[in-house]
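S.K.: Quick one, structure for this:
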Amino acid sequence: MNLRNGQITVGELLSNPAVRRLAQQEFPGIMNHPMLHSAYNMSISQVMTMARGRVPQVKINRLLQTLESL
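M.R.: Alright, predicted model coming up:
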């Protein structure tokens, strides 16, 4: 999957069923989180910036590699 140098949006990512499954697997309950809809227009770079310190960098890197391989 082309992440467009981190500029692909969360909404674009989640339109892919494989990404939705991956998100649910890596972050259980995320698909029902009340703030998810607010992130739909955010780029993956913006989300990663917000996740730093809350999600281990190793997990972020692994997730990006997996997304790129889809």
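S.K.: Mind jotting down where the strands sit in this structure?
M.R.: Counting by DSSP state E, no segments of the chain form strands.
S.K.: hey, what's the closest residue to residue 7 other than its chain neighbours bridged with?
M.R.: Nearest non-adjacent residue to residue 7, counting by Cβ to Cβ, 6 or more residues apart in numbering: residue 43, 5.0 Å away. Quick note: C-beta positions are derived from backbone N, CA and C, even for glycine. Applying DSSP bridges to residue 43 gives these bridge partners: residue 9.
S.K.: ok, so what distance separates residue 43 from residue 11?
M.R.: From residue 43 across to residue 11, the span is 10 Å (Cβ to Cβ, to the nearest Å).
S.K.: where do the helices sit along the chain?
M.R.: Remark: helices assigned in the chain by DSSP state H are 10-14, 17-26, 36-39, 44-51, 57-69.
S.K.: quick one: which of the ones you listed is nearest residue 2?
M.R.: Closest to residue 2 of these, according to Cβ to Cβ: helix 57-69, at 8.1 Å.
S.K.: If you count neighbours, what's buried in that closest one?
M.R.: Residues of helix 57-69 classed as buried by neighbour count (16 or more other Cβ atoms under 10 Å): 60, 63, 67.
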